[in-house]
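Chemist: Need coordinates for the below:
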Amino acid sequence: MWEIPINTSINPLFSSSTLAPSLHFSPASRIDMEMSKIALAIISLISLAIVHHAHAQDSPQDFLKAHNTARASVGVGPMRWNNTVAAFARNYTNGLRRRCRMVHSSGPYGENLARGSANLAGTAAVKMWVDEWKYYDYDSNSCVGGECKHYTQVVWRKSVRLGCAKVRCNNGGTIISCNYDPPGNYNHERPYEFRSSS
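Modeler: Prediction:
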């Protein structure tokens, strides 16, 4: 049990309602303690920046920017975020958490799915879909040498509303879904038309 004599000053380091003994620190100890506080503050700021950066790649604006950049490259107008479409994506992907399998919804919207590790960002999923452009042959309006239907949905000119969701699976993986309204990828219809500059 600590006993403090009357008229003893208590170090302001202790600010609880219980009394504690007065502690004395050497100047070197105080410098070490201040350096520790600064190091802790820097580590905290870096951690917050990393968390913010990871979440920043999953915002509606980030999904839109990734889609609209690809669309602009082929002369297609921008999409707009739609909360109804996003709610559909969120509700559906929540149901995929348990088994973490990519199964299309057969819902009323066009849909792209991606699965990956826990740190798969929404923008990385869109990039995977857009990277399929190299397999799309505009002249034959078909995929040649690989999958391209995710790409054609991203740039489908009649799809103007977008909603996406990202969920963490029970096994630690991630599923990302983007839904498109109206849906695209209709047979015998091109995703976009090249305009001649005459």
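Chemist: What is the burial count for residue 175?
Modeler: Residue 175 sits with 25 neighbouring residues when counted by other Cβ atoms under 10 Å. Yep, even glycine has a C-beta here, placed from its N, CA and C like the rest.
Chemist: All the strands of the protein, in order from the start?
Modeler: Along the chain, counting by DSSP state E, strands occupy 80-81, 110-116, 136-137, 142-143, 161-168, 174-181.
Chemist: will you turn these into JSON lines that also has distance to residue 70?
Modeler: What follows is the strands of the chain, written out as JSON lines (distance: least, Cβ to Cβ, whole Å):
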{"stretch": "strand 80-81", "distance to residue 70": "15"}
{"stretch": "strand 110-116", "distance to residue 70": "12"}
{"stretch": "strand 136-137", "distance to residue 70": "12"}
{"stretch": "strand 142-143", "distance to residue 70": "16"}
{"stretch": "strand 161-168", "distance to residue 70": "12"}
{"stretch": "strand 174-181", "distance to residue 70": "12"}
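Chemist: Of the ones you listed, flag the one that's most buried.
Modeler: Neighbour counts averaged per stretch over the strands of the chain are highest for strand 174-181, at a mean of 26; criterion: mean count of other Cβ atoms under 10 Å.
Chemist: thinking again about what came up before, I'd like the strands of the chain written out as CSV, with mean pLDDT added.
Modeler: Output for the strands of the chain, formatted as CSV (pLDDT from 0 to 100):
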stretch, mean pLDDT
strand 80-81, 99
strand 110-116, 98
strand 136-137, 98
strand 142-143, 96
strand 161-168, 98
strand 174-181, 98
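Chemist: Quick one: mean pLDDT over stretch 95-103.
Modeler: On average, the pLDDT along stretch 95-103 is 94.
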